[in-house]
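Novice: Need a 3D model of the following:
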Amino acid sequence: MSYLAESNQGLILKLYVQPAAKKTEVVGLVNDEIKIRLAAPPVDGKANKVLLKFLKKSLKKYSFQLLKGELSRHKSIFIECDDICQAKKDIRDFFDAFGVR
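Specialist: Numbering: from 1, shown residues only. Purely as a prediction, here's the structure:
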């Protein structure tokens, strides 16, 4: 899971986003990052808001924070969690459903 790394009290998820898509969806794994299309333009932080909302809706028991990439397609998301092993499993299971391995 090169797209996921351990950090103090959580995990860091590496993403590559494509804003201004027709719908928000997980595409797959690209160069050790999860590619996600976002149905929002990259204007005034709208794409970042849609990204965080998508993650929160999909993985409800975790808290997400944008660490790096506010103005970039390459993003690092901090995932706060108490049980890192369980969080890794939940995140892996979520992305596996989209064919990410």
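Novice: list the contacts for the residue nearest to residue 13 when sequence neighbours are not counted?
Specialist: Closest residue in space to residue 13, ignoring its immediate chain neighbours: residue 77 at 4.4 Å, by CB to CB, 6 or more residues apart in numbering. Where C-beta positions appear, they are placed from N, C-alpha and C, glycine not excepted. Residues counted as contacts of residue 77 (CB atoms under 8 Å, 6 or more residues apart in numbering) are 12-13, 15, 51-52, 55, 64-67.
Novice: rerun at 7 Å
Specialist: Applying CB atoms under 7 Å, 6 or more residues apart in numbering to residue 77 gives the contacts 12-13, 15, 55, 64-67.
Novice: In helices, which of the residues you listed fall?
Specialist: Counted as lying in helices by DSSP state H, out of the contacts of residue 77, are residue 55.
Novice: ok, for residue 21, nearest residue in space, not its chain neighbours?
Specialist: Closest to residue 21 by CB to CB, 6+ apart is residue 37, at 3.6 Å.
Novice: what about that neighbour, distance to residue 66?
Specialist: Between residue 37 and residue 66 the distance is 17 Å, computed by CB to CB, to the nearest Å.
Novice: Phi, psi for residue 24 please.
Specialist: Torsion angles at residue 24 (phi, psi; degrees, to the nearest 10) stand at phi -90, psi 120.
Novice: Need the pLDDT of it.
Specialist: Here the pLDDT value assigned to residue 24 is 97.
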